[in-house]
Structures are given as C-alpha cells and as structure tokens.
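J.: the following block contains a protein sequence and its predicted model.
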Amino acid sequence: MTGRGHVRPNGLEVPAIAVAALVALATGLVIRAGGDPSAGSAVLLAGLIVTGAPLAWRTVRGMLQGHFASDIVAMLAIAGAVALDEPIAGLVVVVMQSGGESLERYAEGRASAAVRALEQDAPHIAHRLNGEGPEVEDIVVDAIDVGDLLLVRPGEMVPCDAIVVDGRSHVDSSRLTGEPIPVSAVPGVALLSGSLDIDGPLVIRATAIAGESQYARIVDLVRTAQASKAPLQRLADRYATWFTPLTLVVCAIAWLASGDVQRVLAVLVVATPCPLILATPVAIIGGINRAARQLVVVRNGGALERLASVNVAVFDKTGTLTVGSPEVERVVTLGGRSEGELLRMAGSVEQGSGHLLARSVVQAAIASGATLGRPESVEEHAGQGVAGRLDGHAVLVGSRGFVDARAPGAMAAFGSAAATAGLRSFIVVDGAAAGIIEYADQLRGGLPPFFSKLRALGIVRLVLLSGDSAAHTAAVAAEVGISEVRGDLLPGDKVAVVQELVDSGARVLMVGDGTNDAPALTTADVGIALAGHGGGIVAEAADIVILGSDVTRVADAIVIARRTLRVAKQSIRVGLGLSGAAMVLAAIGLIAPVPGALLQEAIDVAVIVNALRTSRTPRRPAGRELPDTTSGPSRQTVIISEATLQA
C-alpha cells in the first residue's frame, strides 16, 4: 500500500478492522438468513460504516498531504457502497484492503533500533582524577571537560577521545576501526572513545568532550543517515499511478453512457486494487521466508525491493572478506632448532598473555601436537612481547623494538629477514636469534567465484573499504579481484564514499560486520551485516542480516530479491488485467456490485496463489548454473603489515 498502514486509523489497528468487518459480514448474513432482512441489512451497513470510515478517512488525509496511491479506488468503493446501500460489497472491500495491509505490515517487520542500541552501548560513567591526589570521582560522561584526567579500568570503555598519560595496556578498538589487532596503549598514544581497555589501568587526558568524540560521531552518522534516506515508493503505488486514473475514467464513461450509479459502483468494486494490496506483501513474505531458510534475515519488504535493483556492491575488509583473526602462517628458523620446537617454546611463554597474536601462537603450537611447558619468571610488556624461562632457557618473543631493547645483538643477527614487510614476532633464545613467526589474515572461502557471480548478476562496480592500511587493503583486493580500493578510513570516511556513490545515481549495497560499518550500512540503499560475531549494533543498523560469516550468501539474497519482485510484478499485472476486463463488463451492465465483489475475490485468490511461488526454491535449468560460492575454507592468506599492529 502506501506505507501508511502503520497508522492507527481512529484508534483501531488495521488487523482489528479486518476482523470487525468479517464479524459484521457474518453476523448480518446470518440474521438475513434467519428471516429478518431489514435487521441483517442494518447490521451490515453499520459494520461497513464503522470499519470503512477509518480507512476512508486515512486515505482522504493522505490525499490532503499529497499522497495519491492504490487505496483511493478502495475508498471510493466503500463510500459508494454506503451511499447505494450495498454493504456486502463494501465489507468485502474493507476485508481485502485491511487484510492486505496487515500482510504488508507483517512483511515489513520491526524498524531498526540502531541508534538506540548505539546509545545504550556507549560509556555513561567516567572516573575523573581530582588534582594530583588519589581521589577518584565518578561523573557522567557529559560532564567531561577537555584536559580532565580520567582513570580507565580493565574491561571499561574509553569515555572520550584522549591521550594516554600513564599506564600500559592493550586497547581493543575493533568496534571503531574494524581491525582486530589491539592497540598498544602506552603514554602518548591517542585513544578513541568507545575503545575497550583489555588488561591494565590507564590514566588518560581528555582531548574532546564525549559529545564530540569518535563514538558520538558514529551515533550521529547513523542517525543522520536514517533520517536522510529517501523513502521507497512502494511497488503497488507505482502501478496505482496509472490504474487509479484509468478506473475513474471508466466510471465516468459508465455514468455518462447509462446514468446508472449501480454500474459505477460495480466498476469501483471490481476495480478495487486488491492485486496491488495483496500481491506485493504476499510475494515479499514468501521471499523473506525463503531467504530465512538460507540464513538470511530480511528486516522489511522495502529492503527486499531495493536489493533487487542494486548495481554497486561495497565491502568492508576485515571480518567480511577476511576471517579477521591473524593466524600463524609459518615459522622461519635461524638456528639449530626445528620449527616445532620454536613454536613450542614461544607458545609456552605466551600462554598467560591475552594479546591476540599470543593466542594465535598458543593455538598453532597446540595444533602442531606440541606439549606446552610451564615457564618461569614470565614478564609481559603490554603490546610489545613476553619474556620468560623455559626448561632452563631464556626466551623472548615479541616485536622488533621489544627484542632490540633486550637483545640488540640478536636483533642484528636477524639481518634482512627483519626488514621485510609483514606482521611478525621475533624469537630469541638465550640471547641468540632463533626464529621468526609470521602471521597472516585468512581470506574467506569461495571469494573469486562469489565475485564472478555478482558480476553475472549485473553488479557493475565492486568496491573494497577498510580502516586498515591502504597497502594491505590493496593486497586483499588484488587476491579477490576487486579493482576499486580505499584504505586508512575512519567510519565517517566510509560514509562519505558510500554517499558519493549514492549521489552519483548508483544503487548501492554495503556489506560489513563491525560497529564502525554501521553508519555506512545505514547510508547505503541496502545494508547487509554479517552476524558471525554476534551481530549487535551493526545488525541493528542493517536492512538485512546474514546469520554467520558466509559473505557469499549476499549473492543468494540478491537472487531471491529479484525473483520475488519478478513474481510480485507478474501477479500485479495478471490481477490488474483481469480486473480491467471485469471493469469493462461492469461498465456495460453485465456485472452487478455483489457478484463483482465475489469475482474480485476469485481474482485475489489467483493473485495470492501465484505470489506464494516466491517461497519455493526454483529449479535451475540445466546448463544455467552460476559459479559455486559454497566451497570450504580457502587456503589463501594475506600478510598483515606491521603498521597494523602499531596503529
């Protein structure tokens, strides 16, 4: 319908109107059959007035606001049925109109709560240090002033943009940047509001008030994008722009040719656009259900309509095209120890660390079959490395700077291997260079055939966006065959890129998986979130949610959307064609109002049966298979730049 089906006309919900109309229709017919035609007619007429008036008033109100859509003919049919004392025909129209709106309302589902979720998840309390003393005062984040010293405890979020003054910790900023490597928080490092302190208390100095910090900007970006997104003109209303005037012309011809108002009412009844009211929501419900069976949750019918027409696809990198968790790619040996022994030693001293790379080393050592030892005198330096003793040997595992400060001679022995690009940890045993652990972020499986399938579906541009370095983002793009690449982006930068595409006239699909992607998802014509890590805010901001991390299901969603719209249009055209033929017969006096209403019911059934085909999985003709996108995990890997770790 018009999108106004959400309004409560005169206090009654649309489903209640449909039920009330059915009750009035059944009651009046029973009383008539019981031998009291006048009482039965009175009940029918009263029921028509009570249930039809809210729908008619809502349509009139919409017309006064400039909305001329598919329910105008239905309103005229209801008004004509009241005026000509044809309550049965009028009640049938009420049932079909309100029932169709109920179906559409069900198909649309609930509205996104992205902004509310973001605001609820934001830090609300800050711990302010008073002067140079140990006193800590809890304040609301809105009371923070630039220059305030604040204490952030492990497990708490940074309440505003700030610089670290004292303390050392790892800080998880993935919800803002999309990158999984924790930031090494040491004095002088700038932190973004919304980052999570992982393992050590920090004293920070506020550089911006909470309302002007990065997290607040993300909230504002999502809110602004939601408010500025143009409303979709419903499929039914696009057809109504010509069908409604045509109906009124036929009514005028019938009146001028015969002067019979019954013919005019009959034309209005058979022309009541129930195919418009029913075909789209029924087809979309079927499409939504079919998508759900493939683990694709579509929030509303509008999203499915928009998805059917997209021609540009924008992807986040980390967590969307890559797994998002660096793994051990290989161990380079420089001394007499084997790869397995070096991995066992490194994994043993890293056991107690919470750093993402340390966990990867431990998992790789266990996966290799090694039995981890119990290290002694373990010291961890946040974001830099770990030192300890294992089986009588002094073991260092960490960054170039960490090793160079503790064993400068060993660092020199690594030679050219230490100068190459990539993310790596250096292993020193008893002061001598022993080996290098190289890490890589794994690409998700089936990406090349997936992008080929998108191109076959008419996606003319593929764009990759990331908060990671431009060089690393370009390397990932080259691996999967994407030519348009942007790196080093903050959430606002991603929004700007997507908005630029939308403004150019492209119909843009955006796929992401992190909070930092939420504003861009909301800005795009269709936002799709991968919920493999729990969904959260990014799922709330998206129009469509894929349950899991299989990005190749995006292609499946596009196929479902296009078939759904194709079937809906077919149902509308067939239904309107039959209604048009019935209008001609009614105009020349061959169909009366009540038989016309029943005929319209038969047309409605045909429309519904056809529209229900969208819930079925179609058989593909032989030789028309698209590339398979469901292959197992890829063995492809991309080396992460060391700049990522230092970001």
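T.: Perfect, I can see it now. What you are looking at is a predicted structure, and each value in this text was computed from that prediction instead of being measured.
J.: what about the longest strand in this protein?
T.: strand 432-442 (DSSP state E).
J.: quick check: can you name the pairing partners of it and their directions?
T.: Next to strand 432-442 in the sheet, as set by DSSP bridges, lie strand 327-333 (antiparallel), strand 424-429 (antiparallel), strand 637-639 (antiparallel).
J.: out of these, deepest packed?
T.: Sort those by mean neighbour count, taking mean count of other Cβ atoms under 10 Å, and strand 424-429 sits at the top with a mean of 26. From N, CA and C alone the C-beta is placed, and that goes for glycine too.
J.: contacts made by that strand with the rest, please.
T.: 335, 337, 342, 345-346, 357, 361, 385, 393-400, 403, 406-407, 410-411, 414, 418, 433-439, 642 (Cβ atoms under 8 Å, 6 or more residues apart in numbering).
J.: by mean pLDDT, flag the weakest helix or strand of this protein.
T.: helix 642-646 (a mean of 33; mean pLDDT, DSSP states H and E).
J.: all strands for the stretch 451-600 of the chain, in order.
T.: Assigned by DSSP state E, counting those that start in this stretch, the stretch 451-600 of the chain shows strands spanning 461-465, 484-486, 508-512, 526-530, 544-546.
J.: elements contacting the fourth one?
T.: By that I understand strand 526-530. helix 301-307, strand 508-512, helix 518-523, helix 536-541, strand 544-546 (3 or more Cβ pairs under 8 Å, 6 or more residues apart in numbering; DSSP states H and E).
J.: same question for that strand, mean pLDDT?
T.: Averaged across strand 526-530, the pLDDT comes to 88.
J.: report the inter-axis angle for it versus strand 508-512.
T.: 20 degrees (axes from the mean of the first three to the mean of the last three Cα atoms, to 10 degrees).
J.: tell me the contacts of the residue most central in space within the chain?
T.: Central residue of the chain (Cα atoms, centre = their mean): A542, 2.2 Å from the mean position. Residues in contact with A542 (Cβ under 8 Å, 6+ apart) are 112, 299, 521, 527-529.
J.: and which of the residues you listed is nearest R263?
T.: R299 (44.7 Å; Cβ to Cβ).
J.: next one: phi and psi at the closest one?
T.: phi -70, psi -40 (degrees, to the nearest 10).
J.: and if you look at L45?
T.: Dihedral angles for L45 - degrees, to the nearest 10 - are phi -70, psi -40.
J.: for it, which residues are in contact?
T.: Taking Cβ under 8 Å, 6+ apart, one finds 82, 85, 87 in contact with L45.
J.: in contact with the residue nearest to M510 when sequence neighbours are not counted, which residues?
T.: Distances taken as Cβ to Cβ, 6 or more residues apart in numbering place A524 nearest to M510, at 3.6 Å, with adjacent residues excluded. A524 is in contact with 314, 498, 502, 508-510, counting by Cβ under 8 Å, 6+ apart.
J.: please produce a markdown table containing those residues, extended by distance to R424.
T.: Listed next are the contacts of A524 as a markdown table, based on distance: Cβ to Cβ, whole Å:
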| residue | distance to R424 |
| --- | --- |
| V314 | 31 |
| V498 | 34 |
| V502 | 40 |
| V508 | 37 |
| L509 | 36 |
| M510 | 33 |
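J.: of those residues, which is the most crowded?
T.: When neighbours are counted as other Cβ atoms under 10 Å, the busiest of the contacts of A524 turns out to be M510, with 32 neighbours.
J.: you'd agree that residue is up against A529?
T.: No - using Cβ atoms under 8 Å, M510 is not in contact with A529; the gap is 9.4 Å.
J.: for the contacts of A524, which one is nearest A208?
T.: Of those, the one sitting nearest to A208 (Cβ to Cβ) turns out to be V498, at 24.9 Å.
J.: wait, the closest one sits on T522?
T.: No - counting by Cβ under 8 Å, V498 does not reach T522; the two are 9.3 Å apart.
J.: tell me the domain ranges of this protein?
T.: 4-108+229-288+560-615, 123-226, 296-322+444-549, 327-440 (automatic domain parsing).
J.: tell me how far the second one lies from the chain's centre.
T.: Looking back up the chat, that one is domain 123-226. 27 Å (Cα atoms, centre = their mean, to the nearest Å).
J.: ditto for the first one
T.: Relative to the centre of its chain, domain 4-108+229-288+560-615 is centred 34 Å away, using Cα atoms, centre = their mean.
J.: the third one too?
T.: The gap between the average C-alpha position of domain 296-322+444-549 and the chain average comes to 10 Å, counting by Cα atoms, centre = their mean.
J.: what is the end-to-end distance of stretch 367-381?
T.: 26 Å (Cα to Cα, to the nearest Å).
J.: I72 against M63, yeah?
T.: Yes - applying Cβ under 8 Å, one finds I72 in contact with M63, separated by 7.1 Å.
J.: among the two, which residue is more densely surrounded?
T.: Taking other Cβ under 10 Å, I72 and M63 do not tie; I72 has more neighbours (22 against 14).
J.: skipping adjacent residues, who's closest to the more buried one in space?
T.: T244 (5.2 Å).
J.: with only the CA atoms kept, save the helix or strand where that neighbour lies in CSV.
T.: Assigned by DSSP states H and E, T244 falls within helix 235-258. The C-alpha trace of helix 235-258 is given here as CSV (Å, rounded to 0.1, in the frame of the first residue of the first chain):
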residue,chain,number,x,y,z
LEU,A,235,5.7,-1.2,-5.9
ALA,A,236,1.9,-1.1,-5.6
ASP,A,237,1.8,2.6,-5.7
ARG,A,238,3.9,2.8,-8.8
TYR,A,239,1.2,0.8,-10.6
ALA,A,240,-1.6,2.8,-8.9
THR,A,241,-0.3,6.0,-10.5
TRP,A,242,-1.9,4.8,-13.8
PHE,A,243,-4.5,2.3,-12.7
THR,A,244,-6.4,4.6,-10.4
PRO,A,245,-7.0,7.3,-13.1
LEU,A,246,-8.0,4.6,-15.6
THR,A,247,-10.6,3.3,-13.1
LEU,A,248,-12.0,6.8,-12.7
VAL,A,249,-12.2,7.3,-16.4
VAL,A,250,-14.1,4.0,-16.9
CYS,A,251,-16.5,5.1,-14.1
ALA,A,252,-17.1,8.4,-15.8
ILE,A,253,-17.8,6.6,-19.1
ALA,A,254,-20.2,4.2,-17.5
TRP,A,255,-22.1,7.0,-15.8
LEU,A,256,-22.3,9.2,-19.0
ALA,A,257,-23.3,6.2,-21.1
SER,A,258,-26.0,4.8,-18.8
